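Colleague: Need a 3D model of the sequence below.
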Amino acid sequence: MASTETTTARKDTGAAQDLAGLEAGLDALETVQTARTPLRQTLVQKVLPPLTAVLLVLVVWQGLVSFKIVDDPSKLPSPSAVWGEVSDAWLQGTLLDYIWTSVSRGLLGFLLALVIGTPLGLVVARVRFIRSAIGPILSGLQSLPSVAWVPPAVIWLGLDNKMMYAVILLGAVPSIANGLVSGVDQVPPLFLRAGRTLGATGLRHTWHIVLPAALPGYLAGLKQGWAFSWRSLMAAEIIASSPDLGIGLGQLLENGRNASSMSMVFLAIFLILIVGIAIDLLIFSPLERRVLRSRGLLVRS
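Modeller: Reported below is the predicted structural model:
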């Protein structure tokens, strides 16, 4: 009898501890943390690792050149040669022009893709007949290389910015639409039924229930859509060249190839990479953290 009472007491104690832990976890999710992360901690956790990786790459790169493991400058220029290209472009006042020409096109094209891809994704996700008809086509377009759209776009629209935006749209819209479709598919049916019970129907149901619940998948589609739009733009700038188009980063890369200047080629590659990383860090990563934190999926450290 005493043994049974002891076992029961232990079970009650364990259940109470589990319940206390669960309540503590829920309280932690609901608590708004207002304390700012110390600057030193931010530098150590967020800034130091990528700087260390970049420094390691530069050391290895310089070692390959200094120890003549790759002794042909036409194949692997030294970091100083690439830096010389950066300095020359800066002194000539063309460096920011290269970047702005491509970034302005990429962002405007992405916004246009967002305006088109969002309603398209909602319609495909919510209307079964349209999903059966268009869904496979969107998946096929998403897997089609962006460079394939450049020749027909040039023939249809000519060598101007309309051609660039057309290539961006054809590359980004399927990704945004499919991302939203995936997000809507992951919405729990209970949320949809609760929204209808509360009187949310039609557009209100879509705006207040479906879109907020599908936001994580939608945001993933936006990130992929930006990546596709940026790659599509670079492909268009590399293939299509005209004085009316100006010189963007893709055209700079092609100019380096034509001039057999590997330092210019490396400069273009690094600028393309830096812009892609900067857009992700400044726009999409903060949005993603905010969405995940609002759902209790990311605890502020």
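Colleague: got the contact list for the helix or strand hosting Leu192?
Modeller: For Leu192, the element it lies in under DSSP states H and E is helix 189-197. Residues outside helix 189-197 that contact it (CB atoms under 8 Å, 6 or more residues apart in numbering) are 205, 208-210, 213. Every residue, glycine included, has its C-beta placed from N, CA and C.
Colleague: For the stretch 101-250 of the chain, just list every one of the helices.
Modeller: With helices called from DSSP state H, counting those that start in this stretch, the stretch 101-250 of the chain shows them at 128-143, 150-157, 161-185, 189-197, 202-205, 211-213, 215-239, 249-258.
Colleague: Looking at those helices, spot the one closest to Ala53.
Modeller: Nearest of the helices of the stretch 101-250 of the chain to Ala53, taken as CB to CB: helix 215-239 at 20.4 Å.
Colleague: What mean pLDDT does the helix holding Leu192 get?
Modeller: Model confidence over helix 189-197, given as mean pLDDT, is 75.
Colleague: angle of it against helix 161-185?
Modeller: Between helix 189-197 and helix 161-185, the angle comes out at 90 degrees (axes from the mean of the first three to the mean of the last three CA atoms, to 10 degrees).
Colleague: one step back: looking at the contacts of helix 189-197, which is nearest Ser80?
Modeller: Distance ranking of the contacts of helix 189-197 against Ser80, using CB to CB, places Ala213 first at 52.9 Å.
Colleague: give the contact list for the closest one.
Modeller: 183, 187-188, 191.
Colleague: try Val275
Modeller: Residues in contact with Val275 (CB under 8 Å, 6+ apart) are 99, 102-103, 106, 230, 249.
Colleague: one step back: PyMOL command for the buried members of the contacts of helix 189-197?
Modeller: A single PyMOL command selects the buried members of the contacts of helix 189-197 (16 or more other CB atoms under 10 Å):
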select buried, resi 205+209+210+213
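Colleague: Flag every buried residue along the helix holding Leu192.
Modeller: 192, 195.
Colleague: Quick check: phi and psi at the residue nearest to Leu245 when sequence neighbours are not counted.
Modeller: Distances taken as CB to CB, 6 or more residues apart in numbering place Leu159 nearest to Leu245, at 6.4 Å, with adjacent residues excluded. Main-chain dihedrals, Leu159, degrees, to the nearest 10: phi -90, psi 80.
Colleague: any idea how far Ala148 is from Leu159?
Modeller: In this view, Leu159 and Ala148 are 18 Å apart by CB to CB, to the nearest Å.
Colleague: Could you do Asp280 as well?
Modeller: For Asp280, the distance to Ala148 - CB to CB - is 25 Å.
Colleague: Ok, Ser74 next?
Modeller: 31 Å.
Colleague: Neighbour count for these two, which is higher?
Modeller: Ala148 (13 against 9; other CB atoms under 10 Å).
Colleague: re the thing from before, Throw the contacts of Val275 into CSV and include distance to Glu85, thanks.
Modeller: As requested, these are exported to CSV (distance: CB to CB, whole Å):
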residue, distance to Glu85
Ile99, 14
Ser102, 17
Val103, 19
Gly106, 22
Trp230, 22
Leu249, 13
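Colleague: quick one, whichever strand or helix holds Ser87 and helix 249-258 angle?
Modeller: Using DSSP H and E, Ser87 maps to helix 79-91. Interaxial angle of helix 79-91 relative to helix 249-258 (the same axes, to 10 degrees): 130 degrees.
Colleague: sorry, back to before: single out whichever of the contacts of helix 189-197 has the smallest pLDDT.
Modeller: Lowest pLDDT among the contacts of helix 189-197: His205, with 71.
Colleague: quick one: contacts for that residue?
Modeller: Residues in contact with His205 (CB under 8 Å, 6+ apart) are 192, 195-196.
Colleague: hmm, 6 Å instead?
Modeller: Going by CB atoms under 6 Å, 6 or more residues apart in numbering, His205 touches Gly195.
Colleague: Pretty sure Gly221 sits against Ile176.
Modeller: Yes - Gly221 is within contact range of Ile176, at 5.1 Å (criterion: CB atoms under 6 Å).
Colleague: Show me the shaky parts of the protein.
Modeller: Applying pLDDT under 70 to the chain flags the ranges 1-37, 39, 42-44, 200, 202, 296-301.
Colleague: Find the residue closest to the spatially most central residue of it in space, skipping its chain neighbours.
Modeller: Nearest to the geometric centre of the chain sits Lys223, at 2.9 Å (CA atoms, centre = their mean). Excluding the flanking residues, the one nearest Lys223 by CB to CB, 6+ apart is Phe284, at 4.9 Å.
Colleague: Just the CA trace of the helix holding Ser87, in CSV.
Modeller: Extracted in CSV, the C-alpha atoms of helix 79-91 (Å, rounded to 0.1, in the frame of the first residue of the first chain):
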residue,chain,number,x,y,z
PRO,A,79,43.1,40.2,-54.6
SER,A,80,45.0,43.4,-55.1
ALA,A,81,44.3,43.4,-58.9
VAL,A,82,40.5,43.0,-58.2
TRP,A,83,40.8,45.8,-55.6
GLY,A,84,42.5,47.9,-58.3
GLU,A,85,39.4,47.4,-60.5
VAL,A,86,37.2,48.5,-57.6
SER,A,87,39.3,51.7,-57.1
ASP,A,88,39.4,52.5,-60.8
ALA,A,89,35.6,52.1,-61.1
TRP,A,90,35.1,54.3,-58.0
LEU,A,91,37.4,57.0,-59.3
